[in-house]
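Peer 1: model this:
(chains A and B)
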Amino acid sequence: DAKTTQPNSMESNEEEPVHLPCNHSTISGTDYIHWYRQLPSQGPEYVIHGLTSNVNNRMASLAIAEDRKSSTLILHRATLRDAAVYYCILSTGNQFYFGTGTSLTVIP
Amino acid sequence: ETGVTQSPTHLIKTRGQQVTLRCSSQSGHNTVSWYQQALGQGPQFIFQYYREEENGRGNFPPRFSGLQFPNYSSELNVNALELDDSALYLCASSLVGFNEQFFGPGTRLTVL
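Peer 2: Prediction:
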C-alpha cells in the first residue's frame, strides 16, 4: 500500500538546482511529509519535513502543493556528495511509510 | 553527542532460530523506531517505542517484537526466522515521534 510515488531515477549536473518530485494523492489532513536520503551502505539521513507550508533548512527546501497531493524537494546547488537515494515519506498517526525512492545521480 | 549505534553489524542465522538486535539511541531521544530494508527496496516500518511502550506498528507479524529500556535503548526480537527475514534492520531515534529521526548504520541479518 504505497503512499507516495517518485520517479525511479534522476540526473543533475553539479552545481545546478535539483527538483525531486513526489506524489501523495491519498494524503490526509494530519499527515506530515518527510524527506530522507540514503547513501550506499549507510542508514537514511533526515533532510526536511513539513505539514502545509513550504519549509527551508540548510540542506534543502520543501515545496508543498496547495492541495497537499504533491511536494517537491529542492536542492539548490547539487554537489557530488548529494548523490543518493531520496525517499519521500508520509507519517500518518503512528505509521511511517517510505516510498521506493529516487536515485539521484550528480554529473560532474 | 553520541549517535545511534546498533549491534551486531552482521549476523547469520538459520531458519527457525531466534535473533535479538540491539540499538542505543542518541542522547536525549526517548523515541525509537525499527525498520526492515530488503535489498534494493525502501525501509519498511516495523514498530516504534516511546517511553518503553509500543507506540505504533507496521504490517509485521507478532513474531517481530521489541523492548525499550529505561535508558531508551531498544531491542528487536524476531522468532522463528524465515528466509525472507534476511534484510538490513535499521534503528532510528528521535525527540518527538517521527520528526527528525537519526538512523543507525543497521544490522545486516542473513537467514540461511
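Peer 1: now the phi/psi pair for the residue of chain A found nearest chain B, please.
Peer 2: With Cβ to the nearest Cβ, the shortest gap between chain A and chain B falls at A:N94, namely 2.7 Å. (Glycine included, C-beta is placed from N, CA and C.) Torsion angles at A:N94 (phi, psi; degrees, to the nearest 10) stand at phi -110, psi 40.
Peer 1: okay, now it: neighbour count?
Peer 2: When neighbours are defined as other Cβ atoms under 10 Å in any protein chain shown, A:N94 has 17 of them.
Peer 1: read off the pLDDT value for residue 36.
Peer 2: I went with chain A, as the question did not name one. pLDDT recorded at A:Y36 is 97.
Peer 1: meant chain B actually
Peer 2: 97.
Peer 1: low-scoring stretches of the chain, by residue?
Peer 2: Went with chain A since none was named. A:1-2 (pLDDT under 70).
Peer 1: not what I meant, chain B
Peer 2: In chain B, residues with pLDDT under 70: B:1-2.
Peer 1: would you pull up the residue in it closest to chain A?
Peer 2: When scored by Cβ to the nearest Cβ, chain B has B:G56 as its residue closest to chain A, at 2.7 Å.
Peer 1: contact partners for that residue?
Peer 2: Contacts for B:G56 (Cβ atoms under 8 Å, 6 or more residues apart in numbering or on different chains) come out as A:G93, A:N94, A:Q95, A:F96, B:F45, B:F47, B:Q48.
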